[in-house]
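Q: Provided below are the primary sequence and the corresponding predicted coordinates.
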Amino acid sequence: AAPAAAAVMRADPPPVAAEPVSPLADNDLKPQKVMQDELGGEVKLFGNGKVILAWIKKKRDAAAAAATPPPPATGTQTPAAIPDDTFYFDENDLFADAATIKKISPVPKSADELKPTLQLMVDYGVLRPKIYPTMDAPDPKHPVIIDKKTGAPATADLDKAGTDVTKFSQDFDKRVKRKDPLSPVVSTGLMAMDWSSDKNQVSNEKVVATQLEAVKAQLDEFIVILKPIKKFQPAPILRATSDAPVPVLDKKSGEVVAHEITVADKKKPLRFVGEVDKIEKVRDGSDPATVKRRESLEKIIKVTEKDLRKKGRYRTFSDEVLVLLERLRKKNAAWSAGTYAGHSWGEFSADIFLKGGHDKTAKGFYDRDNARKFFGDLNAAANEDDGVVGKIAWRALYNDDPLAAEVNAKYGARRILNVPGHGPDNLHIHLDITPVNLVKDGVTGYDIKDGRVRVLDSE
């Protein structure tokens, strides 16, 4: 009999590594909210500082009264001044005054919750860091710094910073309320025009861009200034494209009887008589007529640039969102995008329109294979760490519930939310996007330096 075949041992396939999950964006990570919380928190500390200063004044006044000897039989006695740095206190002394604590916002539940305000007062030169008031003192306390000129706590720096930060915070809130990529809280840029979801807006933007370039080009044209004829000053010749008029000769005598110069808005060269005084380029000429022309063009340019910026709103996003869209585009180009004034997270929100048709079973929604691939590519793009922007958090609003359940199981709960207006009616995928490491810039208008909010324009 033939020998039995040797048993073939088959190893189980190696487990498939789980796909890395990109960070999840939620309302607490909304960039504008993060910044508003920082500003609002600092404003509260300044307000609490005023409450504590009133308490310090009350305590110092009481100490001064206690140190004043009884008045003599006749006349009055001037209260004794409290010497510099002789009033010491800490958060426990302050917390013991229930009436004062009720004025603090939010009302602290423990003495430790007063430390942030006291640190603010140290940072702005109202208090010194804690020291032991005496050799045998059981605990260190903050000395109050006294202004030698006024005899009161030194609050000049605190007062100025409080005014600056409070005013800035109020203006920042107004900016955020607009939800407009043209009123951003960080630097923005323009998405590639051919990625746009709205051809009409692309067309409108191109029209204004062409108009702008045409007006700017006029700065490089010339203006011809003619010499006066007796008491009459001929009008300058505008829009000349050359600084070298061509003489026109009399056919019989050969004498110069006129000149011709090419002009941008004329089909034929313009013929003129009279003697040329000067020819200047509009951009840098100094004649009053040239200056007037230049200023007129600059006004038109300014207005047109503003109009162009408005026309480009539909593709204006934060620099970080643009980075994510660029990463995504390298993996998946089957989409277009856009935004608008009043969009959820302003420059951090984008509406995505997938290409490839609708799903045959989920009527009114995008083809599920295409949508599934889009979310997978988006997750991978957001999870890249380029060492500059780094990883990017995102969430989506899209109402294809079976697909949402699948994506949420894969990339985390609440990754895709169901919100009216995101399919099948008004079909699109809304994205809220924020970098994990949110960076403020000159557009933001403030930064955090040594733990304190600093308004950039005030420094």
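A: Great, that's in hand.

Q: residue 262 versus the residue nearest to residue 443 when sequence neighbours are not counted, what's the distance?
A: Leaving aside its chain neighbours, residue 443 sits nearest to residue 187 (4.9 Å; criterion: CB to CB, 6 or more residues apart in numbering). Using the backbone N, CA and C atoms, a C-beta is placed for each residue, glycine as well. Separation of residue 187 from residue 262 (CB to CB, to the nearest Å): 43 Å.

Q: report whether residue 252 is found in a helix, as I expect.
A: No - assigned with DSSP: H, G, I helix; E, B strand; the rest coil, residue 252 falls outside any helix and is coil.

Q: give the contact list for it.
A: Contact partners of residue 252, counting by CB atoms under 8 Å, 6 or more residues apart in numbering, are absent.

Q: what do you get for residue 125?
A: 145, 154, 157, 158.

Q: so residue 430, which state does it fall into?
A: Assignment for residue 430 (three-state DSSP): strand.

Q: now do the helices in the stretch 301-450 of the chain.
A: 319-331, 368-382, 401-411 (DSSP state H, counting those that start in this stretch).

Q: would you list the ones you listed in JSON lines and tack on distance to residue 360?
A: Shown next, in JSON lines, are the helices of the stretch 301-450 of the chain (distance: least, CB to CB, whole Å):
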{"stretch": "helix 319-331", "distance to residue 360": "25"}
{"stretch": "helix 368-382", "distance to residue 360": "9"}
{"stretch": "helix 401-411", "distance to residue 360": "14"}
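
Q: got the CA positions of stretch 398-409 in PDB?
A: Taking C-alpha atoms only, stretch 398-409 is exported to PDB below (Å, rounded to 0.1, in the frame of the first residue of the first chain):
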ATOM      1  CA  TYR A 398     -23.600  63.200   7.600                       C
ATOM      2  CA  ASN A 399     -26.900  61.500   7.900                       C
ATOM      3  CA  ASP A 400     -26.300  58.100   6.300                       C
ATOM      4  CA  ASP A 401     -26.900  56.300   9.600                       C
ATOM      5  CA  PRO A 402     -25.700  52.700   8.600                       C
ATOM      6  CA  LEU A 403     -22.400  54.200   7.200                       C
ATOM      7  CA  ALA A 404     -22.100  56.400  10.200                       C
ATOM      8  CA  ALA A 405     -22.400  53.400  12.600                       C
ATOM      9  CA  GLU A 406     -19.700  51.600  10.600                       C
ATOM     10  CA  VAL A 407     -17.300  54.600  10.600                       C
ATOM     11  CA  ASN A 408     -18.000  55.400  14.300                       C
ATOM     12  CA  ALA A 409     -17.200  51.800  15.200                       C
END
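
Q: contacts for it, please.
A: 359, 362, 365-366, 368, 371-372, 375, 396, 414-420, 422-424, 429-430.

Q: at 10 Å what do you get?
A: Contacting residues not belonging to stretch 398-409 are listed as 352, 354, 359, 361-362, 364-366, 368, 371-372, 374-376, 378-379, 396-397, 414-431 [CB atoms under 10 Å, 6 or more residues apart in numbering].

Q: does residue 385 touch residue 436 like I think?
A: Yes - Residue 385 is within contact range of residue 436, at 9.1 Å (criterion: CB atoms under 10 Å).

Q: ok, residue 291 touching residue 283?
A: No - using CB under 10 Å, residue 291 and residue 283 do not qualify as a contacting pair, with a distance of 11.1 Å.

Q: ok so, going back, residues in contact with the residue nearest to residue 443?
A: Residue 187 touches 318, 319, 320, 322, 347, 439, 440, 441, 442, 443, 444, counting by CB under 10 Å, 6+ apart.

Q: ranking by neighbours, what's the top pick from those?
A: Compared across the contacts of residue 187, residue 347 has the highest neighbour count, 29 neighbours, by other CB atoms under 10 Å.

Q: let me see the contact set for it.
A: By CB under 10 Å, 6+ apart, the contact set of residue 347 is 31-32, 179-189, 316-322, 339, 433, 443.

Q: again, 6 Å this time
A: The neighbours of residue 347, taking CB atoms under 6 Å, 6 or more residues apart in numbering as the test, are 181, 184, 188, 317, 318.

Q: how much space between the nearest residue to the last one once chain neighbours are set aside and residue 94?
A: Meaning residue 318. Nearest residue to residue 318, sequence neighbours excluded (CB to CB, 6+ apart): residue 347, at 4.3 Å. Using CB to CB, residue 347 is found at 42 Å from residue 94.

Q: same question, residue 111
A: 7 Å.

Q: what's the answer for residue 428, then?
A: 54 Å.

Q: could I get the phi/psi values of the closest residue to residue 132 other than its chain neighbours?
A: In space, and not counting its chain neighbours, residue 132 is closest to residue 140: 5.1 Å by CB to CB, 6+ apart. With angles defined as degrees, to the nearest 10, residue 140 sits at phi -80, psi 150.

Q: contacting residues for residue 140?
A: Neighbours of residue 140 in contact, by CB under 6 Å, 6+ apart: 130, 131, 132.

Q: looking at these, which one is closest to residue 223?
A: residue 130 (71.6 Å; CB to CB).

Q: what's the distance between that closest one and residue 455?
A: Distance of residue 130 to residue 455, computed by CB to CB: 28 Å.

Q: quick one, what contacts residue 353?
A: 197, 336, 428.

Q: mean confidence for the host helix or strand of residue 202?
A: Assessed by DSSP states H and E, residue 202 sits inside helix 199-217. For helix 199-217, mean pLDDT rounds to 97.

Q: can you count the residues close to residue 308?
A: 17.

Q: let me see the contact set for the closest residue to it other than its chain neighbours.
A: Once flanking residues are discounted, residue 308 sits nearest to residue 208: 4.7 Å by CB to CB, 6+ apart. Listed by CB under 6 Å, 6+ apart, the contact partners of residue 208 are 307, 308, 311.

Q: pretty sure residue 263 sits against residue 239.
A: Yes - the pair residue 263 and residue 239 qualifies as a contact (CB atoms under 6 Å) at a distance of 5.1 Å.

Q: can you report phi and psi for the nearest residue to residue 279 once chain neighbours are set aside?
A: Distance criterion CB to CB, 6+ apart; nearest residue to residue 279, sequence neighbours excluded, is residue 243 at 4.5 Å. Backbone torsions for residue 243, taken as degrees, to the nearest 10, come to phi -110, psi 20.

Q: equivalent analysis for the one 10 residues further on, please.
A: Taking degrees, to the nearest 10, you get phi -90, psi -20 for the backbone angles of residue 253.

Q: look at it and say how many residues are nearby.
A: 8.

Q: how much space between it and residue 178?
A: 71 Å.

Q: okay, residue 130 and residue 455: which has more neighbours?
A: With neighbours defined as other CB under 10 Å, residue 130 and residue 455 compare such that residue 455 has more, 20 against 16.

Q: who does that one bridge with?
A: Beta-bridge partners of residue 455, counted by DSSP bridges, are residue 446.

Q: just the pLDDT for it.
A: Reported pLDDT for residue 455: 97.

Q: shift numbering so it begins at 850
A: Done: numbering now begins at 850, and the last item shifts to residue 1304.

Q: quick one, what contacts it?
A: By CB under 6 Å, 6+ apart, residue 1304 lies in contact with 1013, 1017, 1295.
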